[in-house]
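Undergrad: no sequence on hand, only this structure:
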C-alpha cells in the first residue's frame, strides 16, 4: 500500500528536478573531458569510447526493470538508492587511477541514473492531480534540457582550469544535496503493485537483448560480428516478448501495448522522434568543424541553441497539454521537427549558417512541443500501478531511438565514405551521407506524425470539456 498522506507535491517536484538536472549534466560534461581523460590515463581509443558506450548501455538495460521494481517495492526507494549509487560512482570516478576502474564506475553510474530516471516522472505523476500533469512534467523535463545545456561549458571550464577530475565534483555535491533533500522532504512511499513478484527471468533476457542490440548496432562498421550481435539481440527481444506474454507478473505487460492504442502509439512516436532527430546534432557538429572550419568551442556554442530552446519551451508545451488535447500538441511538435529535418536535408557547402540556425530552432521548437505532451499522454493513459513501467519504457524508447539513429549514421558512412576518414578530400562524400540521412530521417518523421495522429479520436475533445489525450 502507498502512503501519500501529508506529502508536499512541491517538495517532490523540487527533489526530482534536482536529480533530473544532475544526470544529463554529468553525461554532457564528461563528453567534453573525454580527450583529456584518455591522455591522462593512457587509454586507447576503444577504451575512451567505452567510457560513454557502457554508460549509455547500462542506462538502457536497467530503465525498464527498475521502473517495474519501483512499482513493486517503492518508487521512493528506487529513487534514493539510484541517487546514492550515482553519487558514489561519481566520487570513485574522480579518484580513479586507471581507465579500467573508471569504465567500471561508469557502469555503476549508469545503473544509478537508470534507477533515478525510471522512478522520477512516476513520482511526480503520483503526487500531482491530472489537471496539472502537463505543467509539472514540463518543469521536470525542462531541467533535463538545462542539464544538457550547462554540462559542456561548465565541463570545459573545469577541465581547462582544474583538470578532468574536477568535472565530477559538481556531480558529487549535487548528488549529496539530492540525497539529503529526498530523505528530509520526501518521506512517503508509492508502490501500487506492492506484493507482486518481480520477473527476474524476463529482466535477464531483456538485459541480454538490449546489450546485444546496443553494442552490435553501435559497431556495425566493424563487420560481421557486429551484425551477428545485432541479430542476436533482435532474437533475444523476440524471446523476451514471448516470455512476457506467458508471465503472470511481467516487467512489461505486453497487453499494455497490444490492448492500449494510445500507450502503444505514443511510445512508437517517441521512438521515431528520438530516432529521427538524435543524429542531426552529430552531423551538424562535424559539418560545422570540417566543412565550415569552425573551432570546437564555437561549434559547441552554436549547437547549444537547440537544448536552450527546448529548455525554455518544455514548460510551455506542458501548460498547453493541460489546456488542449496533449496528443495534438505533440503532433504539432513532431511536425516542427519534420520541418527542421527537411531544412537540414538542404544544407550544402555554400549555405549560410542561418540555415543551420533555422534547423536548430525548428528542432528545439519541435522537441519542446513534443516531449512534454507526449510524456503526459503516456503517463496519463495507464493505471497508477503501471507508472514506473510507463516511466521506464519512455526512457527506453529514447535510448533505443538514439541507438537506431546512430545505426543509420554508421551504415550511411559505410555506404558513402567506405571507411574513409573525414577530411577536406572526403567532404563531398560526407555531405552526400549527411543529406541522405537527413532526408531519410525526415521521411521517418512523417511516419511518426502518422502514429501521433493515430492516437486522436474524433470525439476526444469537445468545447467545455478537457481532452484526455
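TA: On my side now, so go ahead. All of these numbers come straight from a predicted model, not from anything done at the bench.
Undergrad: buried ones in the host helix or strand of residue 239?
TA: Applying DSSP states H and E as the criterion places residue 239 in helix 224-246. By neighbour count on 16 or more other C-beta atoms under 10 Å, the buried set for helix 224-246 is 226, 229-230, 232-233, 236-237, 240-241, 243-244. Every C-beta, even on glycine, is put in place using the N, C-alpha and C of the backbone.
Undergrad: which stretches of this protein have low pLDDT?
TA: Screening the chain residue by residue with the criterion pLDDT under 70, one finds the ranges 1-7, 45-46, 49, 187-194, 218, 221-223, 296-297, 419-423, 457-469.
Undergrad: tell me the domain boundaries of it?
TA: For the chain, the structural domains run 1-195, 199-250, 255-469, going by automatic domain parsing.
Undergrad: quick one: buried residues of the helix or strand that comes right after the helix holding residue 239?
TA: Towards the C-terminus, the helix or strand next in line after helix 224-246, according to DSSP H and E, is helix 255-258. Neighbour-count burial for helix 255-258 flags 256-257 (criterion: 16+ other C-beta under 10 Å).
Undergrad: make 182 the starting number, not 1.
TA: Understood, numbering begins at 182; the last thing we discussed is helix 436-439.
Undergrad: helices or strands up against whichever helix or strand comes after helix 436-439?
TA: Proceeding N to C from helix 436-439, the next assigned helix or strand is helix 442-467, under DSSP H and E. Taking 3 or more C-beta pairs under 8 Å, 6 or more residues apart in numbering; DSSP states H and E as contact, the helices and strands that helix 442-467 lies on are helix 436-439, helix 477-484, helix 507-525, helix 534-561, helix 568-598, helix 608-635.
Undergrad: among these, which is nearest residue 392?
TA: For residue 392, the closest of the helices and strands packed on helix 442-467 is helix 568-598, at 11.2 Å, according to C-beta to C-beta.
Undergrad: picking that back up, nearest to residue 549, of the buried residues of helix 405-427?
TA: The nearest member of those to residue 549, counting by C-beta to C-beta, is residue 418 at 31.4 Å.
Undergrad: run a quick neighbour tally on residue 429.
TA: Close neighbours of residue 429, defined as other C-beta atoms under 10 Å, add up to 8.
Undergrad: and what of residue 564?
TA: Residues contacting residue 564 under the criterion other C-beta under 10 Å number 10.
Undergrad: phi first, then psi, for it.
TA: phi -60, psi 150 (degrees, to the nearest 10).
Undergrad: try residue 430
TA: Torsion angles, degrees, to the nearest 10, at residue 430: phi -130, psi 70.
Undergrad: contacts only, for it.
TA: Under the criterion of C-beta atoms under 8 Å, 6 or more residues apart in numbering, the contact list for residue 430 reads 377-380.
Undergrad: out of those residues, who has the most neighbours?
TA: Using other C-beta under 10 Å as the neighbour test, the contacts of residue 430 are led by residue 380, with 22 neighbours.
Undergrad: other SSEs contacting the helix holding residue 420?
TA: Helices and strands touching helix 405-427, as assessed by 3+ C-beta pairs under 8 Å, 6+ apart, comprise helix 381-399.
Undergrad: any idea how far the helix it packs on is from the middle of the chain?
TA: How far helix 381-399 lies from its chain's middle: 17 Å, per C-alpha atoms, centre = their mean, to the nearest Å.
Undergrad: could you do stretch 204-214 as well?
TA: For stretch 204-214, the distance from its own C-alpha centre to the chain's C-alpha centre is 13 Å (C-alpha atoms, centre = their mean).
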